[in-house]
Structure formats: C-alpha cells, structure tokens
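*Asks:* Here is a sequence with its predicted model. Questions after.
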Amino acid sequence: MREINLDRLRTLLAVADLGSFAAAAKALHLAPPTVTLHVAQLEARVGMRLLHRAPAGVTATSAGGLLMDKARRLLAEADELLETVQRQIAERGGRVRLGASTGALAHLLPQALEALAARHPEIDVQVAVMTSEEALVRLAAGSLDIGIVALPQPVRRGLRVQAWRQDPVMAFIPAAWEPPKHVTPAWLAARPLIANDRGTRLSRQTAEWFAAAGQRPQARIELNYNDAMKSLVAAGYGAALLPHEAGAPPPDSRISMRPLRPALSRALGIAHRTRPDDDATELTLRALLGMKEG
C-alpha cells in the first residue's frame, strides 16, 4: 500500500476509540480479519506500531496518537468535501469549463450566460479564450466541458459537435472610403486589409473567397481579436471581413458595414463529450442551444 487509504484510517480510529478489534469490526460491518489487515497495512506503511494490544484493551502508541490526530482532521475535510459536491449535484450546480474564440465571447456567450445565471445562479461557468482545434483537444483530454468551434469539424471519437449558428460575414470598411453597396473580392483586394489570424477557420474561408475570384491579397496585419480589428478599421488602417451576429450593436460611425458578393457566412457549433459529465454541463448546453439566431 503506497498511499494511506482513508478507509484504513477510519478503521484505526474505530479500533482505538472502541478499545478492541472486535468492537471496531462490528461497528464498521467488517470481518475481524479485515480490521486486523487494515491496521497491519497502516503500521507497515508508517514503519512502526500504532496500537498497544493488551488484555485490558487496545490503546494508541505515541506514533498512533499523532497519526490519529491528523487522521481526524483529514477525514473531517474529506467528509466536508463530499457533502459540498453532493449538495451542488442536488442543487444542479457545479463548475463548467467552456472554451470559445474572442468573437463568440464578445456578443454570443454573454446572452447565453445571462439567461443561464437567471435560472441557475449556482452554476459557475469558467470561460477561456482558445481556437477550435485547442478546444477539441482539451475536450478529448477532459480538461474542458464545452467548446464553441467553427464548422465543419472532423468526427472525433467520444465527442459530439452540434450545429449552433450561421452568421453572415460582412465587410467592415473605413467610412471615408465610400464603399459600394455590395463588396466584391476584386474591390476589396485592391485596398489595405486587416486579416484574421491564418490559424483560424475564418482566415481560410476568406482566403478561399478571394481565391475563387482569382484574388490573393496580402494583409497589412493579422489579428485574432475582432474588436481590435474593428478599432483599426475605424482608424482607417484597412478593411476587415468579420462575422456579424443579428442583434449585435452597430459598428463605430467611422465604419461602413457592407454585405459581400458573393455572400459568405461563418458557421459555429457546440462541441462536448458524447455523454456530458454532470447536470451543470447539461444545463449550460441547453442554454446555449436555446439561443435563437436573429
């Protein structure tokens, strides 16, 4: 026995408190040889005797008394921890770890989290910024519960990805440029561009949109933070292609937002393990999936 088992500690305390192995066996509903074995294993692990065995009864040695003092505190903390977890489960509470891109965090997630908090304030959702690929890796490893990911995604064993939203990609252009009513790849490629980081799916989508029209423009800068990109657009640094969720606030007055021709959209999905681990994760999934587009 390399580690000290809590059950062995409970057995040791029962023997010392009740004064005999037989009484401890009866109280713990264990066979007498099992009680003897538990104590022997503890003594072997510590390397010294923990109990004095005498006809008058069993008492703790000096080492045994020290161990039992620590054991009582440890067992009390373990019981308190178990009660806390059980109480949270009973209240359908708990902690949910959620990963998403900065774009989803800026507008989409706050709506879902607000609705979830109104119904289940006991659920603590911890949000981290990450790419779709990182979210899927962490889901598979068990260090994440829910991921907001770009679609499509390959099938991964043990994970489920549900379609969630599809929002149009729009051109965000400095208003001083006086852009046309619809923006084409050729018109945009002739102007300074602010691109999404090339490690993102949106970057690949926009590159394919340009390439389909025979355009391969070079961006002035690449970022993975939508609000920063919009700030640069407002400053006249360049134009950007970004998703625009229905209900999102209008951009800065210095920005003109135009639809693309041909049209382009960004699809998002909700990824999670095939069987959610607890009620808190299940309720958070329902809150997210319950969000309506538009």
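*Replies:* Arrived safely, thanks for sending.
*Asks:* hey, let's count contacts and neighbours off CA atoms from now on
*Replies:* OK.
*Asks:* For A23, give me its contacts.
*Replies:* Neighbour list for A23: V15 [criterion: C-alpha atoms under 8 Å, 6 or more residues apart in numbering].
*Asks:* where's it, which helix or strand?
*Replies:* Following DSSP states H and E, one finds A23 within helix 21-28.
*Asks:* Now do the buried residues in the very next helix or strand once past that helix.
*Replies:* As assigned by DSSP H and E, the chain's next helix or strand after helix 21-28 is helix 32-46. Buried residues in helix 32-46, counted by 16 or more other C-alpha atoms under 10 Å: 35-36, 38-43.
*Asks:* And for stretch 218-229?
*Replies:* Within stretch 218-229, the residues that count as buried by 16+ other C-alpha under 10 Å are 219, 224, 226, 229.
*Asks:* my read: the third one touches L105, true?
*Replies:* No. With contacts counted by C-alpha atoms under 8 Å, N226 stays clear of L105, the gap being 10.2 Å.
*Asks:* farthest pair in the buried residues of stretch 218-229?
*Replies:* The largest separation in the buried residues of stretch 218-229, counting by C-alpha to C-alpha, is between A219 and N226 at 15.2 Å.
*Asks:* And the helices in the stretch 151-294 of the chain, which stretches?
*Replies:* Assigned helices in the stretch 151-294 of the chain, in chain order: 185-189, 201-212, 226-234, 279-289 (criterion: DSSP state H, counting those that start in this stretch).
*Asks:* So which of those helices is nearest A150?
*Replies:* Across those, the minimum distance to A150, taken as C-alpha to C-alpha, is reached by helix 201-212, at 6.6 Å.
*Asks:* In CSV, list the C-alpha atoms belonging to that closest one.
*Replies:* Taking Å, rounded to 0.1, in the frame of the first residue of the first chain, the C-alpha atoms of helix 201-212 are listed here in CSV:
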residue,chain,number,x,y,z
ARG,A,201,-11.1,28.8,-40.0
LEU,A,202,-12.4,32.2,-40.8
SER,A,203,-9.0,33.1,-42.3
ARG,A,204,-9.1,30.0,-44.5
GLN,A,205,-12.7,30.9,-45.5
THR,A,206,-11.9,34.4,-46.6
ALA,A,207,-8.8,33.2,-48.4
GLU,A,208,-10.9,30.8,-50.4
TRP,A,209,-13.5,33.6,-51.0
PHE,A,210,-10.7,35.7,-52.6
ALA,A,211,-9.1,32.8,-54.4
ALA,A,212,-12.4,31.8,-56.1
